[in-house]
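# Compute the structure for the input listed below.
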Amino acid sequence: MMHAKVVTVDGAVATVGSANMNQRSTRFDEETSVVIFDAEVVGVLDRHLDDDHRRSTLLDPADWAERCLVQRAAEKAADIMSGWL
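Numbering: from 1, shown residues only. A predicted model of the protein is given here:
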């Protein structure tokens with residue numbers, strides 16, 4: 001499973017990793033991030049993030065709350081199975 005976060009700032013710096021921006025991740029969790037000061041790499045990350053944004057779908061909370069019973073059952077089954085995956 002990939003559990004990564006990407007943050008870019010002003011086309012100049014980026015962080016990529018699994019750590020959350022909180023004390024728990026930096027002190028207790030076995031997570032890490034890398035800080036990148038290479039404008040070319042940051043540009044590639046920005047383009048990937050822009051592409052992800054263009055291909056994403058905005059979820060309306062009201063629509064999500066009204067999803068069908070089959071969808072809810074599938075989510076529950078996946079949640080139960082996630083412990084074994």
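# pLDDT on the longest helix belonging to the chain, on average?
When the chain is parsed with DSSP state H, its longest helix is helix 39-55. Mean per-residue pLDDT for helix 39-55: 96.
# counting contacts, what elements does that helix pack onto?
Secondary-structure packing of helix 39-55 (3 or more C-beta pairs under 8 Å, 6 or more residues apart in numbering; DSSP states H and E): strand 5-9, strand 13-17. Every C-beta, even on glycine, is put in place using the N, C-alpha and C of the backbone.
# Tell me which of those is the most buried.
strand 13-17 (a mean of 17; mean count of other C-beta atoms under 10 Å).
# buried set for the lowest-mean-pLDDT helix or strand in the chain?
When each helix and strand of the chain is scored by mean pLDDT, DSSP states H and E, helix 23-27 comes last, with a mean of 75. For helix 23-27, the neighbour count (16 or more other C-beta atoms under 10 Å) marks residue 25 as buried.
# and the most far-flung residue of the chain relative to its centre, how far is that from residue 76?
Going by C-alpha atoms, centre = their mean, the residue of the chain most distant from its centre is residue 69, 26.6 Å out. Per C-beta to C-beta, to the nearest Å, residue 69 is found 10 Å from residue 76.
# next one: residue 84
To residue 76, residue 84 is 15 Å away according to C-beta to C-beta.
# Now the element after the least confident helix or strand of the chain, going C-ward?
strand 33-36 (DSSP states H and E).
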